[in-house]
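> Predicted structure and sequence below. I'll ask about it afterward.
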Amino acid sequence: MEGLGDLDAFIAGCDATKISAFVEHVHRRFSEAQAQKQKKVETVLSTMHEQLLQLSAGKKVQLNSRIKELLASLNKRRDNAAEELARCLDSARAKKQSLVHSFQEQEKACQVRSAMHGIIQELEREMKELTQEYTIRQQELGPSAPATAPADSSVDTAEIKPRHGTRENMKQCPSRRWLRMEWRDLLTD
């Protein structure tokens, strides 16, 4: 308040020229202060802008580097996954081939077993027929028939001397015709 009183006394002692000069001086000082303040604000803003640009450029470089690293990692993972998939496919194909081959071998073995079983059954049937025929002939011939003639199908064909072909040939191919001929030869002896 004391300052205001001095100001009032100063104004009362001044004429219009002094007051006008004082107002102009105050206005000029205010404009200078405003300009300095504006300049400081502009300087701060310019500095902040430069810092933001530098920070943005640094972040951009970091992001580009990180993106390149991620892309390289993804490409490597993709290549590894493709190689692993190719290995798995090759393994699956090999297993499939092995299984197919195994199944084919088993099927062939089953077919061979089935064929051998059929041949054995046929031979057993033929042996039974021939044994029955031999028994009937033996009964027809009466007591003059050989006493050592076989009575069942357990005849050892290796002991029979074939009259048609060599023994080795007959062993390798014991056909029904040969068996019949051998039994008939025995019956007619």
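That came in fine, so what should we check first? The structure presented is a predicted model; accordingly, all values stated were derived computationally and were not measured.

> What is the longest helix that the chain contains packed up against?
In the chain, taking DSSP state H as the definition, the longest helix is helix 16-141. Counting contacts by 3 or more Cβ pairs under 8 Å, 6 or more residues apart in numbering; DSSP states H and E, helix 16-141 packs against helix 176-188. Quick note: C-beta positions are derived from backbone N, CA and C, even for glycine.

> same thing but 10 Å
helix 2-13, helix 176-188 (3 or more Cβ pairs under 10 Å, 6 or more residues apart in numbering; DSSP states H and E).

> weakest of these in terms of mean pLDDT?
Lowest mean pLDDT of the helices and strands packed on helix 16-141: helix 176-188, a mean of 58.

> What distance do you get for Gln132 to Gln54?
115 Å (Cβ to Cβ, to the nearest Å).

> again with Arg93
On the measure of Cβ to Cβ, Arg93 and Gln54 end up 58 Å apart.

> what's the answer for Gln121, then?
98 Å.

> Please apply the same query to Leu141.
Distance from Leu141 to Gln54, by Cβ to Cβ: 128 Å.

> Check Lys96 too.
Counting by Cβ to Cβ - Lys96 and Gln54 are separated by 62 Å.

> Report the helix or strand with the lowest average pLDDT across this protein.
helix 167-172 (a mean of 46; mean pLDDT, DSSP states H and E).

> Low-confidence stretches in the protein?
Applying pLDDT under 70 to the chain picks out residues 1-5, 7, 10, 143-189.

> in it, which residue is closest to the centre?
Cys88 (3.8 Å; Cα atoms, centre = their mean).

> And the contacts of stretch 79-91?
For stretch 79-91, contacts defined as Cβ atoms under 10 Å, 6 or more residues apart in numbering pick out no residues.

> Centre of the chain to it, how far?
7 Å (Cα atoms, centre = their mean, to the nearest Å).

> Please write out the alpha-carbon positions of that stretch in CSV.
The C-alpha coordinates for stretch 79-91 follow below in CSV (Å, rounded to 0.1, in the frame of the first residue of the first chain):
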residue,chain,number,x,y,z
ASP,A,79,13.3,-73.3,-42.0
ASN,A,80,13.8,-75.6,-39.0
ALA,A,81,10.1,-76.4,-38.9
ALA,A,82,10.2,-77.2,-42.7
GLU,A,83,13.2,-79.5,-42.2
GLU,A,84,11.6,-81.2,-39.2
LEU,A,85,8.4,-81.7,-41.2
ALA,A,86,10.4,-83.1,-44.1
ARG,A,87,12.1,-85.6,-41.7
CYS,A,88,8.8,-86.6,-40.2
LEU,A,89,7.3,-87.1,-43.6
ASP,A,90,10.3,-89.2,-44.7
SER,A,91,10.0,-91.2,-41.5
